[in-house]
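Novice: here is the input, now give the coordinates:
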Amino acid sequence: MTTSTTRIAPDKAARPARSGRVLGVLRFVLLLIGALAALVPFYYMVIGALQRTRDTSLFGLLPLPQNLTFDNFVAINQSVNLLGSLLNSLIFTAGVVGCTLVFGLLVGYALAVLSFRGRGMVFALVLLVQAIPFQLLMIPLYVMVVRYFGLADNFIGMILPFAINSVAVLIFRQYFLQIPRDVFDAARIDGASEVRILLFIAVPLVRPAVLTAMLVTFIGPWNEFLWPFLVTKDATKQTLAVSLANFSQTNGSFLENPMGAVLAGACVLAVPVVVLFLLFQRHFTSANLGSAIKG
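Specialist: Now for the predicted structure:
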């Protein structure tokens, strides 16, 4: 009996290990399939931008080498001022990101650290703003910005409606709430003002939140089309997304492969976002905020 028991025990111990390896392989396969499915549109965009003659069949996903060219990039650059449109997109996006970080840090710090009358109501309004679609506010914003303020064909008119991002406010508020209150109390005892505490103590501790808010905010204005299209009529002030849309409606019909030229412009529009995420993806991990106090 003792001999048979010693033979069966290793088999029972090996079964959970084998099942764990099988589950790990299945998870890896499912994640790989999901990743490939998510990359298919980007792959199709790049292949379509490089095709000399557009091929919409399944075989077009594996094009022949003789059908690959950079002529579409040359054609879109000749029809649309890519450098100028990219610069406009960069100015618009940088303005939105800068305002978002400044106002987001101030409002998030006030809601998380400071005590004042009506703080709960302000936080409720921040949550309410998230529930209202931007499309409902677009008409009154357009009337106010263009007619009353006269900010048509102006970068300030493009940036103003996106200057405060409620998502960024919530991100900063949650990160500030994780910082021990003793950090702020010790700084106040030493005579530091609230602005000095925010700049030199709070902001360095929530660096992951700053980077996360910057990356999340960057995508929206960089790909924004509708509001810059409404506000700007001057082609020299239009962003790349608006310029590509205008190109597809007007000059695109005169090219041999207009869709390839549009996809080439879309590739140029997507490159900064991809590069930004590749550079800063490791900063999405949260810092150990509790390490600010020891002992």
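Novice: what's the helix or strand for the closest residue to Leu82 other than its chain neighbours?
Specialist: Closest residue to Leu82 apart from its sequence neighbours, by CB to CB, 6 or more residues apart in numbering: Val268 at 6.0 Å. All C-beta atoms are positioned from the backbone trio N, CA, C, and that covers glycine. Here Val268 sits within helix 258-280, counting by DSSP states H and E.
Novice: so what touches that helix?
Specialist: Contacting residues not belonging to helix 258-280 are listed as 42, 45-46, 48-52, 54, 72-73, 75-76, 79-80, 82, 86, 89-90, 211, 215, 218-219, 222-223, 240-241, 243-244, 247-248, 252, 255 [CB atoms under 8 Å, 6 or more residues apart in numbering].
Novice: check stretch 43-54 too.
Specialist: Under CB under 8 Å, 6+ apart, the answer for stretch 43-54 is 60-61, 63, 66-73, 257, 259-260, 263-264, 266-267, 270.
Novice: residues of it that come out buried?
Specialist: Neighbour-count burial for stretch 43-54 flags 45, 47-52 (criterion: 16 or more other CB atoms under 10 Å).
Novice: now do stretch 61-74
Specialist: 63, 71-73.
Novice: export these as a markdown table, with columns for distance to Ile159 and pLDDT.
Specialist: What follows is the buried residues of stretch 61-74, written out as a markdown table (distance: CB to CB, whole Å; pLDDT from 0 to 100):
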| residue | distance to Ile159 | pLDDT |
| --- | --- | --- |
| Pro63 | 41 | 75 |
| Asp71 | 36 | 86 |
| Asn72 | 32 | 86 |
| Phe73 | 29 | 88 |
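Novice: mind putting the residues you listed in JSON lines, distance to Leu106 and secondary structure included?
Specialist: JSON lines is the format used below for these (distance: CB to CB, whole Å; DSSP: H, G, I helix; E, B strand; the rest coil):
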{"residue": "Pro63", "distance to Leu106": "52", "secondary structure": "coil"}
{"residue": "Asp71", "distance to Leu106": "50", "secondary structure": "helix"}
{"residue": "Asn72", "distance to Leu106": "45", "secondary structure": "helix"}
{"residue": "Phe73", "distance to Leu106": "42", "secondary structure": "helix"}
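Novice: from the residues you listed, pick the one nearest Val167.
Specialist: Closest approach between those and Val167, by CB to CB: Phe73, at 34.3 Å.
Novice: contacting residues for that closest one?
Specialist: With CB under 8 Å, 6+ apart, Phe73 has these contacts: 49, 264, 267-268.
Novice: how about a cut-off of 10 Å?
Specialist: By CB atoms under 10 Å, 6 or more residues apart in numbering, the contact list for Phe73 reads 49-50, 82, 260-261, 263-265, 267-268.
Novice: got it, and Gly157?
Specialist: With the criterion set at CB under 10 Å, 6+ apart, Gly157 makes contact with 141-142, 144-146, 149-151, 227-228, 230-232, 237.
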